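Asker: What follows is a predicted structure for the sequence shown.
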Amino acid sequence: MANTKPEYVRLPLRLKTKEGIWGRLKNIMFIASGVSQTIASYYWYGPMVPTWSLRFHIINNILKKYLAESLPHNTPNELSEQIDFGYIAEYIKMNNLPSRALTEDIGHNKEFDITVDGDTCMEYKLSRYGVSGDKINVLAEEDLKRANYGQPRRVSCQIVVGSEFQRCSGCRTAVGPIPKMLEPEPLGLEERIVVHFHGGAYCVGERSLTHLHVYARMSSSTGLRVFSPNYRLAPQSCFPSQLHDCFLAYRDLLRRGFKPGNILLSGDSAGGALAIALVFVLREMQMEMPAGLMLVSPWVDSTCSGASWRTNQGRDYLPALNLENPFHPTRMFYAAGRRFSKQMLEELRCPLVSPVFGDLSKMPPMLIQIGQNELLHDDICDFADKAKKQADEKSEVPVVLLEVYEDMPHAFVLLDFAEAAMQAFEGMNRFAKQVVHLDSANKKSLC
């Protein structure tokens, strides 16, 4: 029988390709060169953005170097089918940005699994979304088969409690929050909760960057616990695996007793797009909506068509890549290994992939926070303008609240030490009070 194993192209990869001393040294040198170049430039030429500290410059430039140079972004479209994206997924995982463990003065977290059993699985009714709706139904059918064979899949999730979350002396032990606070069960009949979907271009972000710190800051600011699923990542798992996992995690919370009207959906970057897409799914299936959406730099247009992708180049850590490059995050997320074409471009305009192209009527209230300098700026502003035009004018609270933070790059809350990030967390607190009436009901449910 003929050997059908594909012949993969060899790629020049900058970071470590296997564990070992040499691999670690490569990464240390990669980061050290970025740090030293940033420090030298900062003191020789002055700050690139006057309001940024040296620490902000270093982190911004390391992110930029990592995103721009860790993969060969000059790879032609014609080689798409010859790239071993299974290997690339392992390479990304091996070189994922390091996590920052939570310290007691910031917050506490617990990781747990939800089981995708027969009761969790359900058929999606998404005829409006054509091919994308069919794809998500295929995933649901696969999960149901696994559950029926006694081998259900599991989705890892986090519960995070900020250090300032506790509302009374009875809510603490000597070493932190009482154990039940780190369980995914409602603490009371009317508990409010934040469900946050992490960013990372659908490829990273799981337990990495500063997301746990962001969750803890959100919890301390709003007085709510934060629940977040560690959804499957690209390019190992492409669209719509991420959206399917987020729907399952949300549905699991409902099964545990949380009410939709007591849930704030949240997300940064790719996670923001997932939060909006989940609302589209809930609306199409005539399920009750969450109380509101808190979106930080949501990636609402995966075709990256806004003018700020050109005008803001050099002021954001995100690299402006061509969609014809097989390593463009959109390509790895949507269909790794498939050539870019006019047909793919049309598929990327599906609202479940690019929410800016969707129907934005009958949406819950939205808080949208963006950086003035980010490449996604214009795409997000277009989304906000469209949502305002299609909003119900009779709503008791602003349906779309857009906050633009001066000099800030993409998903700036990840740099949680920055003053702008602190202001953004306080903005989340104000919004949460408006849409879920926090002060009375949530305190009563917890104490």
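Answerer: Looks like it arrived, so ask away.

Asker: What residue spans form the domains of the protein?
Answerer: Per automatic domain parsing, the domain ranges recorded for the chain read 21-82, 107-446.

Asker: okay if I get those domains as TSV plus mean pLDDT and mean neighbour count?
Answerer: C-beta: built from backbone N, CA, C; applies to glycine. Output for the domains of the chain, formatted as TSV (pLDDT from 0 to 100; neighbours: other Cβ atoms under 10 Å):
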stretch	mean pLDDT	mean neighbour count
domain 21-82	92	15
domain 107-446	90	20
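
Asker: Glu7: which of the ones you listed is closest?
Answerer: domain 21-82 (6.9 Å; Cβ to Cβ).

Asker: Now do the same contact list for Val204.
Answerer: With contact set as Cβ atoms under 8 Å, 6 or more residues apart in numbering, Val204 has these partners: 92, 96-97, 233.

Asker: same question but for Ala291, I mixed them up
Answerer: Listed by Cβ under 8 Å, 6+ apart, the contact set of Ala291 reads 192, 260-264, 364-365, 435-436.

Asker: ditto for Ile62
Answerer: Residues near Ile62 by Cβ under 8 Å, 6+ apart: 31, 34-35, 38.

Asker: cool, and Glu347?
Answerer: Here Glu347 is in contact with 131-132, 334, 353 (Cβ under 8 Å, 6+ apart).

Asker: if we go to 10 Å?
Answerer: 130-132, 239, 302, 334-335, 341, 353-354 (Cβ atoms under 10 Å, 6 or more residues apart in numbering).

Asker: In the stretch 251-400 of the chain, what residue spans correspond to strands?
Answerer: Ranges of strands in the stretch 251-400 of the chain, per DSSP state E, counting those that start in this stretch, are 263-268, 292-296, 366-371, 400-405.

Asker: Output the contacting helices and strands for the shortest one.
Answerer: Just to be clear, that refers to strand 292-296. Packing partners of strand 292-296 (3 or more Cβ pairs under 10 Å, 6 or more residues apart in numbering; DSSP states H and E): strand 193-197, helix 211-222, strand 263-268, helix 270-284, strand 366-371, helix 377-389, strand 400-405, helix 419-436.

Asker: Direction included, what does it pair against?
Answerer: strand 263-268 (parallel), strand 366-371 (parallel) (DSSP bridges).

Asker: Looking at the domains of the chain, which is nearest to Arg10?
Answerer: Among these, the nearest to Arg10 by Cβ to Cβ is domain 21-82 (9.7 Å).

Asker: Just the terminal-to-terminal distance for that closest one.
Answerer: For domain 21-82, the separation between the terminal residues is 30 Å (Cα to Cα, to the nearest Å).

Asker: How far off centre is it?
Answerer: Counting by Cα atoms, centre = their mean, to the nearest Å, domain 21-82 is centred 22 Å from the centre of its parent chain.

Asker: returning to what we had before: how about the helices and strands packed on strand 292-296 in TSV, adding distance to Tyr149?
Answerer: Converted to TSV, these look like this (distance: least, Cβ to Cβ, whole Å):
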stretch	distance to Tyr149
strand 193-197	29
helix 211-222	34
strand 263-268	32
helix 270-284	26
strand 366-371	41
helix 377-389	42
strand 400-405	45
helix 419-436	40
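
Asker: Would you tell me which of the ones you listed gets closest to Ala147?
Answerer: Proximity to Ala147, assessed across the helices and strands packed on strand 292-296 by Cβ to Cβ, is greatest for helix 270-284 (20.3 Å).

Asker: Run through who's touching the lengthiest helix in the chain.
Answerer: Longest helix of the chain, by residue count under DSSP state H: helix 21-45. Here helix 21-45 makes contact (Cβ under 10 Å, 6+ apart) with 13-17, 20, 47-48, 52-54, 57-66, 69-70, 94-95, 97-98.

Asker: if you set the cut-off to 8 Å instead, what comes out?
Answerer: Here helix 21-45 makes contact (Cβ under 8 Å, 6+ apart) with 14-17, 48, 54, 57-58, 61-62, 65, 69, 95.

Asker: do the same with stretch 234-241
Answerer: With Cβ under 8 Å, 6+ apart, stretch 234-241 has contacts from 85-86, 88-89, 92, 132, 135-136, 139, 201-203, 231-232, 242, 329, 332-337, 352-353.

Asker: now do stretch 383-402
Answerer: Taking Cβ under 8 Å, 6+ apart as the rule, stretch 383-402 contacts 298, 300-301, 355-356, 359-363, 365-368, 370, 381, 431, 434-435.

Asker: of all the helices and strands packed on strand 292-296, which lies closest to Glu111?
Answerer: For the helices and strands packed on strand 292-296, the distance to Glu111 is smallest for helix 211-222, at 10.1 Å, taking Cβ to Cβ.

Asker: That closest one - contacts with which helices or strands?
Answerer: strand 107-115, strand 154-162, strand 193-197, strand 225-229, strand 263-268, helix 419-436 (3 or more Cβ pairs under 8 Å, 6 or more residues apart in numbering; DSSP states H and E).

Asker: go again using 10 Å as the cut-off
Answerer: By 3+ Cβ pairs under 10 Å, 6+ apart, helix 211-222 packs against strand 107-115, strand 154-162, strand 193-197, strand 225-229, strand 263-268, strand 292-296, helix 419-436.

Asker: Against Thr115, how distant is Arg146?
Answerer: Counting by Cβ to Cβ, to the nearest Å, the gap from Arg146 to Thr115 is 11 Å.

Asker: for Pro351, same thing?
Answerer: Distance of Pro351 to Thr115, computed by Cβ to Cβ: 30 Å.

Asker: Can you tell me the closest non-neighbouring residue to Ile114?
Answerer: Asp252 (4.6 Å; Cβ to Cβ, 6 or more residues apart in numbering).

Asker: can I assume that neighbour is in contact with Arg154?
Answerer: No: between Asp252 and Arg154 there is no contact under Cβ atoms under 10 Å: 11.0 Å.

Asker: Mutual contacts of those two, please.
Answerer: Contact criterion Cβ under 10 Å, 6+ apart; residues shared by Asp252 and Arg154: 114-117.

Asker: which one of those residues sits closest to Val279?
Answerer: Of all the shared contacts of Asp252 and Arg154, Ile114 has the smallest distance to Val279: 20.4 Å, by Cβ to Cβ.

Asker: Would you enumerate the residues in contact with that closest one?
Answerer: Here Ile114 is in contact with 120, 152-157, 184, 229, 245, 248-249, 251-253, 255-256 (Cβ under 10 Å, 6+ apart).

Asker: surely Leu360 meets Pro351?
Answerer: Yes: here Leu360 reaches Pro351: they are 9.1 Å apart, a contact under Cβ under 10 Å.
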